[in-house]
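Undergrad: curious how this folds, go ahead:
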Amino acid sequence: MSHFGSARKRRGLTLMQLLVLLALLLFLLGFLLAATARFRNASESVTSRNNLHQIMVGLINFANSPVDKLPPGSATWFPKKGLVANNSYGPCLFHILPFLEQDPLYKSTRKNIDGKPVYASWEAAGKSVKVFMAPGDPTWEQGSDRTSYLANELALPETGARLPNSFPDGISNTILIAEGYSQATDTVTFGGQTTTWKTDRRWWDNSTWKPAAGAVMFQVAPPVDAASSMLPQGFTPDSINVGLADGSVRTVDASCSSTTFYAACTPAGNDVLGNDW
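TA: Below you'll find the predicted structure:
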């Protein structure tokens, strides 16, 4: 009996050993969760880059079509001016639908206005397009008609831009599309009172931003309520993905200065990109 009792004693763990074991298990669990989060972020970033690549290919193919111009960033009539037969009304992402294997959706927006057959983006309201939504976007919703990608109004004017003539700063140095939360926040202060509201960035509506020189040119992984409707947002804390006028996709580090990022947004500003590009 005494031998059996001593064996039981030897097999027991002291309180200190239990605490050490628990600490080790918690450390391993934390390491596993961190590794899982890193893998998920990396996977979501790859998906976003792939989406951006498809959008850029669509833009380049559109520019190489008989239209011979890039589509406008903001919603307008294009490629002709005004309400004329077979013209289209919508923003950049709407105009490139046929070049993203979304021709049936594009054709479904055909309607007659004043006896003229046109393609109207608002007819696509409520329709979700997978390539326009990024899984890393914290405002993403299944089946939503919002978009996680914003067009740069400076590089994609309403009159259309030609490749490469409209980009004297270089097509590999000019941002056309950037990541952005599909839902952002607008804030207005008037009479000492501040009012905020949510803005849905819908792919068939004005899914754009207009860069303006300032201290902040983009945000990286801000809280949802702090995402400005005036800026694009990266989905990870360390970078933002952008699509350039040469069709390539670039990951811009969070440390990129506002001066350099703004220079990359202007197609003809005679800017020189900094070493942080």
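
Undergrad: when you work out contacts or count neighbours from here on, use the C-alpha atoms and nothing else.
TA: Fine.

Undergrad: from residue 27, how far out is the residue nearest the centre of the chain?
TA: Closest residue to the average C-alpha location of the chain: residue 179 at 2.0 Å, with Cα atoms, centre = their mean. Residue 179 sits 34 Å away from residue 27, going by Cα to Cα, to the nearest Å.

Undergrad: again with residue 116
TA: Remark: distance between residue 116 and residue 27 (Cα to Cα) = 67 Å.

Undergrad: what's the answer for residue 243, then?
TA: Distance, residue 243 to residue 27, by Cα to Cα: 39 Å.

Undergrad: neighbour-wise, which of these two wins?
TA: Of the pair residue 243 and residue 27, residue 243 is the one with more neighbours under other Cα atoms under 10 Å, namely 26 against 12.

Undergrad: hang on, that one in a strand?
TA: Yes: with DSSP: H, G, I helix; E, B strand; the rest coil as the criterion, residue 243 is located in a strand.

Undergrad: what's near enough to touch the closest residue to it other than its chain neighbours?
TA: Leaving aside its sequence neighbours, residue 243 sits nearest to residue 249 (Cα to Cα, 6 or more residues apart in numbering; 4.5 Å). Residue 249 is in contact with 49, 52-53, 56, 241-243, counting by Cα atoms under 8 Å, 6 or more residues apart in numbering.

Undergrad: got the residues you listed as TSV, with distance to residue 34 columns?
TA: Listed next are those as TSV, based on distance: Cα to Cα, whole Å:
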residue	distance to residue 34
49	22
52	27
53	28
56	33
241	22
242	26
243	29
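
Undergrad: hey, which helix or strand in this protein has the poorest pLDDT?
TA: Ranked by mean pLDDT, DSSP states H and E, the weakest helix or strand in the chain is helix 2-11, scoring a mean of 53.

Undergrad: ranges for the strands of the chain?
TA: 76-78, 88-90, 110-113, 116-120, 149-152, 175-179, 183-190, 193-200, 208-209, 219-220, 233-234, 239-244, 249-253 (DSSP state E).

Undergrad: will you turn these into CSV that also has distance to residue 64 and mean pLDDT?
TA: Shown next, in CSV, are the strands of the chain (distance: least, Cα to Cα, whole Å; pLDDT from 0 to 100):
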stretch, distance to residue 64, mean pLDDT
strand 76-78, 15, 97
strand 88-90, 18, 98
strand 110-113, 23, 97
strand 116-120, 20, 98
strand 149-152, 19, 98
strand 175-179, 16, 98
strand 183-190, 32, 87
strand 193-200, 31, 90
strand 208-209, 22, 97
strand 219-220, 33, 98
strand 233-234, 29, 98
strand 239-244, 16, 97
strand 249-253, 19, 97
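
Undergrad: count of residues packed around the nearest residue to residue 70 once chain neighbours are set aside?
TA: Distance criterion Cα to Cα, 6+ apart; nearest residue to residue 70, sequence neighbours excluded, is residue 63 at 4.7 Å. Look at residue 63: counted by other Cα under 10 Å, it has 19 neighbours.

Undergrad: likewise residue 67?
TA: Neighbours around residue 67, by other Cα under 10 Å: 14.

Undergrad: does it really touch residue 79, like I thought?
TA: Yes: assessed by Cα atoms under 8 Å, residue 67 is found in contact with residue 79 at 6.9 Å.

Undergrad: could you list the low-pLDDT ranges of the stretch 51-200 of the chain?
TA: For the stretch 51-200 of the chain, applying pLDDT under 70 flags no range at all.
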